[in-house]
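Visitor: dropping a prediction and its sequence here:
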Amino acid sequence: MYGLESDVDLGFLLGRRVEQIAVGEFQFVLNLDGGITWSIESSLTLESSGVSSSVSADSPSSSAPLLQLVGEAITHVAQQGRGDVKMTFSNSISFTVHDSNESTESYQLSGGQDEIVV
């Protein structure tokens, strides 16, 4: 919804490990070590071995591919476009969170630094 300022430093996510994934009716929550929480109310894409999986917060049953991230550390993070964020994990899975909600927030990152709301 809001986009992500180009000067936002997402480096605080590097090395953080996914400790827990919670699935709600319209939200996924990734709890990372270091007290970082990523609440996602939009769509995302997982890529593994050349295969892409779409996951949407509007469809909790689509969340199964997220389970591959539990216990994995973030090895790369980059902003893509206006508000998307792409991460690669220690198991080589890539995960892109999309700023896909036009009228509501797409995601919030809290913990490591000031809260980021997109």
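Guide: Great, that's in hand. Numbers count the residues shown, from 1 in each chain.
Visitor: what ranges do the strands span in this protein?
Guide: 18-23, 28-32, 36-40, 43-48, 51-56, 74-80, 84-89, 94-97, 107-110, 116-117 (DSSP state E).
Visitor: need the ones you listed in JSON lines with mean pLDDT, can you?
Guide: Formatted as JSON lines, the strands of the chain follow (pLDDT from 0 to 100):
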{"stretch": "strand 18-23", "mean pLDDT": "97"}
{"stretch": "strand 28-32", "mean pLDDT": "96"}
{"stretch": "strand 36-40", "mean pLDDT": "95"}
{"stretch": "strand 43-48", "mean pLDDT": "94"}
{"stretch": "strand 51-56", "mean pLDDT": "92"}
{"stretch": "strand 74-80", "mean pLDDT": "96"}
{"stretch": "strand 84-89", "mean pLDDT": "97"}
{"stretch": "strand 94-97", "mean pLDDT": "95"}
{"stretch": "strand 107-110", "mean pLDDT": "92"}
{"stretch": "strand 116-117", "mean pLDDT": "88"}
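Visitor: would you turn the ones you listed into TSV with distance to residue 6 and mean neighbour count?
Guide: For every residue, glycine as well, the C-beta is placed using N, CA and C. Output for the strands of the chain, formatted as TSV (distance: least, CB to CB, whole Å; neighbours: other CB atoms under 10 Å):
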stretch	distance to residue 6	mean neighbour count
strand 18-23	26	15
strand 28-32	23	19
strand 36-40	20	20
strand 43-48	21	18
strand 51-56	26	14
strand 74-80	7	15
strand 84-89	12	20
strand 94-97	16	20
strand 107-110	16	20
strand 116-117	13	16
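Visitor: out of the ones you listed, nearest to residue 68?
Guide: For residue 68, the closest of those is strand 43-48, at 7.0 Å, according to CB to CB.
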